[in-house]
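Asks: Provided below are the primary sequence and the corresponding predicted coordinates.
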Amino acid sequence: MNNLIVLPMVIPVFTGIILVFLRPYIKMQRWLSVLSMMLTGGLSVYLLQQIQAHGILSLAFGDWPAPYGIVFVADPFAMLLVLTTSFVTLVCLLYAFSTIGEAYEKMFFYPFILFLTAGVNGSFLTGDLFNLFVCFEVMLIASYILVMLGGRKVRLQESIKYIAINVLSSWIFLVGIAYLYGAMGTVNMADLADKVSQAGQSPILTTISILFLIVFALKSGLLLFFWLPGSYSVPPAAVAALFAALLTKVGVYAMFRTFSLIFFHEPSITHTLIGVMAAVSIMIGSIGAVAYQDIRQIAAFNIVIAIGFMMIGLAVSTPAALEGSIYYLIHDIIVKAMLYLIIGTMIMLTGKTRIKQMSGLIRNYPILGWLFFIVTLSLAGIPPFSGFIGKILIGQGTVESGAYLLLALAFLSSIFVLYSLLRIFMNCFWGETIMTIEDEKPLKKSFLLPSLMLAVATLVLGLGAETLAAYVTDASAILMNPDVYIDAVLPED
Amino acid sequence: MESIVIVLAGVLVMIATYLFLSRNLIRIILGSSLLSHAAHLLLMAMGGLKKGRSPLIGEAAESYVDALPQALILTAIVINFAVTAIFLVLAYRTYQKSKTDNLDVLRGLKDE
């Protein structure tokens, strides 16, 4: 039965390979990709129930026991993220059906989306550091192609920077793994955690952990986010939404995993550093979000703020704060996808990207306007929506551990988020309508449906936080208590 | 022997850094490829160089070579190969579109 936990990675890979051969049959490609995402989503719900009942599931490939072979580990944290990933990918696929155009669809667009999802799911589920590197690369190579697909000049230019920075960070990752292998003689995460907690975290290991911190900060856009606004603004809306929702979050997940499982013995060095990086990225992100005129840039700086916000939870590492970060991670995957889909729709309808060039859109497209308002409220953390519970729990954590500076920054950043998005709302949706009835492009239902699905999801997540609470509490308990994870993965001796 | 390999890796990183910082796109790609090779050498040195027989059942020997770094390097080489191939295609397409491989000319989005 444990074999099932490999399927969230295998289903998209196989479907993707099949789709490569079905190149001319676009209808079939669409159906198969939707089907595979639904299957993965359904499976992850089932696995969540199983984990709840029987504890963490782990699978050693080829029956090589844990420290020697590669393992996949499904704990509630990973599974919740797999579920969210499947849902958001499904929604982005639905949006792509009506917007992406036949040229993309014939150029293996769907297979690459599925490979990307496979890499993301693999990164969540793997229990081996080198395997994490491989899954990162699967995800990144698919993302390189999705950025440059279409071959417009600006897209190619941005992909050069995007690939160069990612090659460099993957190199640091590999060097970190090499040093860690030299120091500890293993790359299995549970085994590493076990050995580090027995032998103590020596200064060498702390140095290596800072290498990993740099890598994951580069991938997730924590402080080292200079590549992010450029490469997230050029791809088509469906792809940008998927990137904004998933790619940076994988870095966040990796950071949570390594710094709560393996390198948590020297919090005065590593966790302080994470706290400082989170604080600085919140500040720069807030300044960026209110400074720019281009709505894509504003959205990109909102990602930076959110990453900093989640990292506060890791920096203080109390049960409440970690719980809050997990809630916020799930919330942010859904809402960032929604923000990017709506912004993509706005740019598609008006053909403009600056807030000064749009006005009074709410008269032309009322539902779109209200959806944008919901995103704004949800990102700012207004109660009926999903951002609230995460923010309150992270706040509680910072108070418990006395990190008042982080607390102040976290809640000030909410105001900046609210202001930056309200600025878009007031400039673009309010004001005089400059679009005449003749100019007005028709807004198809299929453009709105995906954002509507995400809006319902953020509302349900906000109202139904209680249902989710059991899983999230479990997930944060495991993050706080690495022995549970280690015992589940390593065979008893 | 390990120290020679480490020094070699260091020299490779040095050359790669020089190439990576240049303005020419092809040099950057070569730099990225060299950089990965340095990492592979480092992995090999970290696992320890040949200390015994190959790790096969039936090879009755006192000590065996650690096979894991080799598996890791093999995987990393394949990944590096794929990324370099994509990067080269990108460079070619960019050259076709922009008629230049100078990164100063290829600067990104025009801001405010």
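Replies: Looks like it arrived, so ask away.
Asks: mind checking the SS state of the residue in the stretch 51-200 of chain A positioned nearest to chain B?
Replies: Here the stretch 51-200 of chain A gets closest to chain B at one residue, residue A:182, 3.5 Å apart by CB to the nearest CB. (Each C-beta comes from the backbone N, C-alpha and C, glycine too.) With DSSP: H, G, I helix; E, B strand; the rest coil as the basis, residue A:182 sits in helix.
Asks: Quick check, it in contact with residue B:66.
Replies: No - Residue A:182 lies out of contact with residue B:66 (CB atoms under 8 Å); the separation is 11.0 Å.
Asks: intersection of neighbour lists for the two?
Replies: Common neighbours of residue A:182 and residue B:66, counting by CB atoms under 8 Å, 6 or more residues apart in numbering or on different chains, are residue B:47.
Asks: Nearest residue to the middle of chain B?
Replies: Centroid-nearest residue in chain B: residue B:36, 1.5 Å away (criterion: CA atoms, centre = their mean).
Asks: residues in contact with the closest residue to that one other than its chain neighbours?
Replies: Using CB to CB, 6 or more residues apart in numbering or on different chains and skipping the chain neighbours, the partner closest in space to residue B:36 is residue B:80 (4.0 Å). Residues near residue B:80 by CB under 8 Å, 6+ apart: B:33, B:36-37, B:40.
Asks: could those go into a markdown table alongside distance to residue A:122 and pLDDT?
Replies: Output for those, formatted as a markdown table (distance: CB to CB, whole Å; pLDDT from 0 to 100):
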| residue | distance to residue A:122 | pLDDT |
| --- | --- | --- |
| B:33 | 25 | 94 |
| B:36 | 21 | 94 |
| B:37 | 25 | 94 |
| B:40 | 22 | 94 |
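Asks: and which of these is nearest residue A:279?
Replies: Taking CB to CB as the measure, residue A:279 sits nearest to residue B:36 out of the contacts of residue B:80, at 33.8 Å.
Asks: So residue A:281 versus chain B, what's the distance?
Replies: 20 Å (CB to the nearest CB, to the nearest Å).
Asks: I'd assumed residue A:226 was in contact with that residue.
Replies: No - Residue A:281 lies out of contact with residue A:226 (CB under 8 Å); the separation is 11.1 Å.
Asks: Please identify which of those two sits among more neighbours.
Replies: Neighbour count, other CB atoms under 10 Å in any protein chain shown: between residue A:281 and residue A:226, residue A:281 has more, with 27 against 12.
Asks: Where does the prediction get shaky in chain A?
Replies: A:1, A:492-493 (pLDDT under 70).
Asks: what does it put close to chain B?
Replies: Within reach of chain B by CB under 8 Å from any CB of the partner chain, chain A has these residues: A:130, A:133-134, A:137, A:141, A:144-145, A:148, A:151, A:153-154, A:156-161, A:163-164, A:167-168, A:170-171, A:174-175, A:177-179, A:181-182, A:187, A:230, A:233-234, A:292-293.
Asks: Can you tell me which of these end up in helices?
Replies: A:130, A:133-134, A:137, A:141, A:144-145, A:148, A:153-154, A:156-161, A:163-164, A:167-168, A:170-171, A:174-175, A:177-179, A:181-182, A:230, A:233 (DSSP state H).
Asks: Pull out the buried members of these.
Replies: Buried residues within those, counting neighbours by 16 or more other CB atoms under 10 Å in any protein chain shown: A:130, A:133-134, A:137, A:141, A:144-145, A:148, A:156-161, A:163-164, A:167-168, A:170-171, A:174-175, A:177-179, A:181-182, A:230, A:233.
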